[in-house]
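**Q** Need coordinates for the following:
(chains A and B)
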Protein chains: 2
Amino acid sequence: MKALVYTDLKTITFKEEKVAVKNEGEELIKVHAAGICGSDMHAYHGLDDRRIPPLILGHEISGINLKDNTPVVINPLITCMKCKDCHDGREHICSNRSLLGMTKPVARAGGFAEFVTAPSQNIFSVPLNANLEELSLTEPTAVAFHAVKIAEKVSLKKIDKANILIIGGGAIGLLLALVLKSKNTKEVIIVDTNLKRLNVCKKASSYAVAHPDDDSIKHNNYDIVFDAVGFEATRKKSIQCVRQGGAILHIGLSQPSGAFDFRKVTLQEITFIGTYCYTNEDFKRSLDMLIAKELGDLTWLDYRPLKDGAAAFKEIHDGTTESPKIILLP
Amino acid sequence: MKALVYTDLKTITFKEEKVAVKNEGEELIKVHAAGICGSDMHAYHGLDDRRIPPLILGHEISGINLKDNTPVVINPLITCMKCKDCHDGREHICSNRSLLGMTKPVARAGGFAEFVTAPSQNIFSVPLNANLEELSLTEPTAVAFHAVKIAEKVSLKKIDKANILIIGGGAIGLLLALVLKSKNTKEVIIVDTNLKRLNVCKKASSYAVAHPDDDSIKHNNYDIVFDAVGFEATRKKSIQCVRQGGAILHIGLSQPSGAFDFRKVTLQEITFIGTYCYTNEDFKRSLDMLIAKELGDLTWLDYRPLKDGAAAFKEIHDGTTESPKIILLP
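**A** This next block holds a predicted model:
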């Protein structure tokens, strides 16, 4: 089969690979669409020790289940379903979890290929008339949905009344905005240094947008801050901008360490929560939202042929693409 | 009146001062007992820009209200009672709050003196037969009570079933343990590098104790970690030891910045919450617990005459005192 292989630092090669072989309890899926995630870019930059070349990346996947030729979406998060966390509906923190398109803890090829295998329990059937291109967005939508769910739990105000700052106008930042919009939240502003992306975010969400250094971004002002980037600088912005008693939801993995103002966290009773992945229930809810078109028209998605994947990675790296999400089509 | 004045870096002077003059809406209190807090030590070390010499420190105060000669405890946290946070029962994050024994944002003399003034609304009457020495412990108890309350809110397990690590065997660490004990929590371990203090903690709480580097302190093991110290090193220990989906309650202000493992916070969905002070309700509940003797016999409290306060500060600085709390008696 043809596949896009991460072969070396900042090197993606479109080449012939053996078709994935499914093990017991798995299905073979013909990939219809697979989105490029920030974590794929992180691997591309050689910064992810869980993704070692050569590796077929990609975990935001829709396709056709070859068992019965029906349309499906894959939940790429593979969990043991045996541990206490899995039992209690917290599969996302299962200590035995693995992901498609990763080398560690379990090596599994990803979806930037004509075919991919996944455990049967990770495959969600969708209606025959569903838009499979758009449904490849289910996984990042579930990430955003899960983060908003946590924010709802810890927010002092009802989420529709909260004043919210989203740092990062990438796919997660925009999807956070669209999930919040579906909950009728009025006061949301998205900041990013990439003004092209901001325009897309503004058009797609109709929320306000700004450069992070804009005067309109006030300190001690926001009930909830989503840091959908995860650099030391964005964490600094988060802690400056959150109001007393407020919460920061930290989703990005860009910079794993760095200075932080623990004094404000303490004196102002700030809640800082890391969030990553989603539960099965979050995934299902996100899929339902996308099928029901609850997140708007999604014309901001940028589709490319799989064979042009290397150029797409380079464009994202160079910051020349304006869409927050490029989806590859084999 | 005689008072203990923080006059310069690491310098505490017992000297004659003018008796505090009460303003409208305030009362003059004859101090019976006043405990030395970690934040007083922080000032002593020149590390607190809110406490500038010359200043009478001390905010953990019991005494006699001279208006009617009745025994009282002072809540040293003065809040505006007008803002939205005060209205909603979150006085502790009132942005206009001030504290007795601080220079900023409002200069107010503290309780290491024969007399102190406080707003009438901050004065809590106690039974005539109450032990006023012990009740000077109300304020730090309220700090611990408030932190445990937040832990109960965010813990995935009921607090009595949670596996809990307390870092720091000072007054807050021990009071956290005693509050947890009053809630029938079984699995608690207290760590500190000061083995003398640990023995006191063990005796007072009957919980396990250990040096933080002891093999029994496992990584990824605790549902809740209380960092009652607040150094970079204790935050590092906290994040190492908390299990996936767990929470860190950060109470100390020892080191305001420093490296931190944001990667684990994110990948393991850790909740990190800063906590400082308490609500009026927390203060009242803590006072009631102390009056009802719900925190044990408190024989671990170490009483000294106010005139010997300078030596007490030095002993705490040198780490030669074994009691987690020295209380000064004018």
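**Q** Can you report how many residues neighbour the residue lying closest to A:H219 once chain neighbours are set aside?
**A** Leaving aside its chain neighbours, A:H219 sits nearest to A:Q240 (4.9 Å; criterion: Cβ to Cβ, 6 or more residues apart in numbering or on different chains). To be clear about C-beta, it is placed using only N, CA and C from the backbone, and glycine gets the same treatment. By other Cβ atoms under 10 Å in any protein chain shown, the residues close to A:Q240 number 16.
**Q** which residues does the single nearest residue of the stretch 1-150 of chain A relative to chain B contact?
**A** Sorted by distance to chain B under Cβ to the nearest Cβ, the residues of the stretch 1-150 of chain A start with A:I93, at 4.0 Å. If you count contacts by Cβ atoms under 8 Å, 6 or more residues apart in numbering or on different chains, A:I93 has them with A:85, B:244-245, B:268-269.
**Q** Can you pick out the ones from these that are in helices?
**A** Under the assignment DSSP state H, these contribute A:D85 to helices.
**Q** Mind putting the contacts of A:I93 into CSV with neighbour count?
**A** Compiled in CSV, the contacts of A:I93 are given as follows (neighbours: other Cβ atoms under 10 Å in any protein chain shown):
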residue, neighbour count
A:D85, 22
B:Q244, 18
B:G245, 18
B:Q268, 20
B:E269, 21
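**Q** With adjacent residues omitted, what lies nearest to the residue of the stretch 1-150 of chain A closest to chain B?
**A** Among residues not flanking A:I93 along the chain, B:Q244 sits closest, at 4.0 Å (Cβ to Cβ, 6+ apart).
**Q** Look up phi and psi at A:V154.
**A** When quoted as degrees, to the nearest 10, the phi and psi of A:V154 stand at phi -100, psi -10.
**Q** if I look at it, how far off is B:R263?
**A** A:V154 sits 21 Å away from B:R263, going by Cβ to Cβ, to the nearest Å.
**Q** circling back to that earlier point, quick one: contacts for the residue nearest to A:I93?
**A** Applying Cβ under 8 Å, 6+ apart, the residues near B:Q244 are A:85, A:93, A:95, B:220, B:268-270.
**Q** CSV please, covering those residues and showing pLDDT and distance to A:N194.
**A** Supplementary listing: the contacts of B:Q244 in CSV, determined by pLDDT from 0 to 100; distance: Cβ to Cβ, whole Å:
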residue, pLDDT, distance to A:N194
A:D85, 95, 36
A:I93, 95, 32
A:S95, 92, 36
B:N220, 97, 37
B:Q268, 97, 30
B:E269, 97, 28
B:I270, 98, 29
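**Q** Let's see which of those end up in strands.
**A** Secondary structure assignment by DSSP state E places none of the contacts of B:Q244 in strands.
**Q** Turn these into TSV, columns for distance to B:S125.
**A** Rendered in TSV, the data for the contacts of B:Q244 read as follows (distance: Cβ to Cβ, whole Å):
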residue	distance to B:S125
A:D85	49
A:I93	48
A:S95	52
B:N220	48
B:Q268	47
B:E269	45
B:I270	42
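**Q** If we only consider those, which is nearest to A:I78?
**A** When the contacts of B:Q244 are ranked by distance to A:I78 (Cβ to Cβ), A:S95 comes first, at 12.8 Å.
**Q** Backbone dihedrals for that closest one, please?
**A** Reported as degrees, to the nearest 10, the phi and psi values for A:S95 are phi -80, psi 0.
**Q** check contacts around it.
**A** If you count contacts by Cβ under 8 Å, 6+ apart, A:S95 has them with A:83, A:85, B:220, B:244.
**Q** Looking at those residues, which is nearest B:V31?
**A** For these, the closest approach to B:V31 (Cβ to Cβ) belongs to B:N220, at 46.8 Å.
**Q** Convert the C-alpha atoms of the strand or helix carrying A:A311 to PDB, please.
**A** Taking DSSP states H and E as the criterion, A:A311 maps to helix A:309-318. Only the C-alpha atoms of helix A:309-318 are listed here, as PDB (Å, rounded to 0.1, in the frame of the first residue of the first chain):
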ATOM      1  CA  GLY A 309       1.600  15.000   2.700                       C
ATOM      2  CA  ALA A 310       5.300  15.900   2.900                       C
ATOM      3  CA  ALA A 311       4.500  19.400   1.500                       C
ATOM      4  CA  ALA A 312       1.600  19.700   4.000                       C
ATOM      5  CA  PHE A 313       4.000  19.000   6.900                       C
ATOM      6  CA  LYS A 314       6.400  21.500   5.600                       C
ATOM      7  CA  GLU A 315       3.700  24.200   5.200                       C
ATOM      8  CA  ILE A 316       2.600  23.700   8.800                       C
ATOM      9  CA  HIS A 317       6.200  23.800   9.900                       C
ATOM     10  CA  ASP A 318       6.700  27.100   7.900                       C
END
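**Q** elements contacting that helix?
**A** The criterion is 3 or more Cβ pairs under 8 Å, 6 or more residues apart in numbering or on different chains; DSSP states H and E, and the helices and strands that helix A:309-318 contacts are strand A:11-16, helix A:38-44, strand A:326-329.
**Q** how about the residues of the stretch 151-300 of chain A near chain B?
**A** By Cβ under 8 Å from any Cβ of the partner chain, the residues of the stretch 151-300 of chain A that approach chain B are A:154, A:156, A:220, A:230, A:235, A:244-245, A:250-253, A:255-276.
**Q** Filter those residues down to the ones in strands?
**A** For those, the ones inside strands are A:244-245, A:250, A:271-274, with DSSP E as the criterion.
**Q** If any of those are buried, put those into a ChimeraX selection.
**A** Selecting in ChimeraX just the buried members of those, where the criterion is 16 or more other Cβ atoms under 10 Å in any protein chain shown, is done with this command:
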select /A:244,245,250,271,272,273,274
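**Q** quick one, helices of the stretch 151-300 of chain A?
**A** Here the stretch 151-300 of chain A has its helices, by DSSP state H, counting those that start in this stretch, at A:171-182, A:195-205, A:232-241, A:262-267, A:280-291.
**Q** and the second one, how far from the chain's centre?
**A** To tie it back to what came earlier, the one meant is helix A:195-205. For helix A:195-205, the distance from its own C-alpha centre to the chain's C-alpha centre is 17 Å (Cα atoms, centre = their mean, to the nearest Å).
**Q** And for the last one?
**A** Helix A:280-291 sits 14 Å away from the centroid of its parent chain (Cα atoms, centre = their mean).
**Q** What is the subsequent helix or strand relative to that helix?
**A** The C-terminal neighbour of helix A:280-291 among helices and strands, as given by DSSP H and E, is strand A:302-305.
**Q** Phi and psi next, for the nearest residue to A:V191 once chain neighbours are set aside.
**A** Taking Cβ to Cβ, 6+ apart, and ignoring the residues beside it in sequence, A:V191 has A:P212 as its nearest neighbour in space, at 4.2 Å. Main-chain dihedrals, A:P212, degrees, to the nearest 10: phi -60, psi -20.
**Q** Which pLDDT value goes with A:P212?
**A** The per-residue pLDDT reported for A:P212 equals 97.
**Q** Next: A:A142.
**A** At A:A142 the predicted local confidence, pLDDT, stands at 98.
**Q** List the residues that contact it.
**A** Taking Cβ under 8 Å, 6+ apart as the definition, contacts of A:A142 comprise A:75, A:277-278, A:282-283, A:285-287.
**Q** ok, of those residues, which one's closest to chain B?
**A** In terms of Cβ to the nearest Cβ, no member of the contacts of A:A142 lies closer to chain B than A:C277, at 8.3 Å.
**Q** Quick check, the closest one in contact with A:H146.
**A** Yes - taking contacts as Cβ atoms under 8 Å, A:C277 lies within contact range of A:H146: 6.9 Å.
**Q** what's the overlap in contacts for those two?
**A** Jointly contacting A:C277 and A:H146 under the rule Cβ under 8 Å, 6+ apart are A:H92.
**Q** Pick out whichever of the two has more residues nearby.
**A** It is A:H146, of A:C277 and A:H146, that has more neighbours when counted by other Cβ under 10 Å, with 25 against 22.
**Q** how far away is A:N163 from chain B?
**A** 12 Å (Cβ to the nearest Cβ, to the nearest Å).
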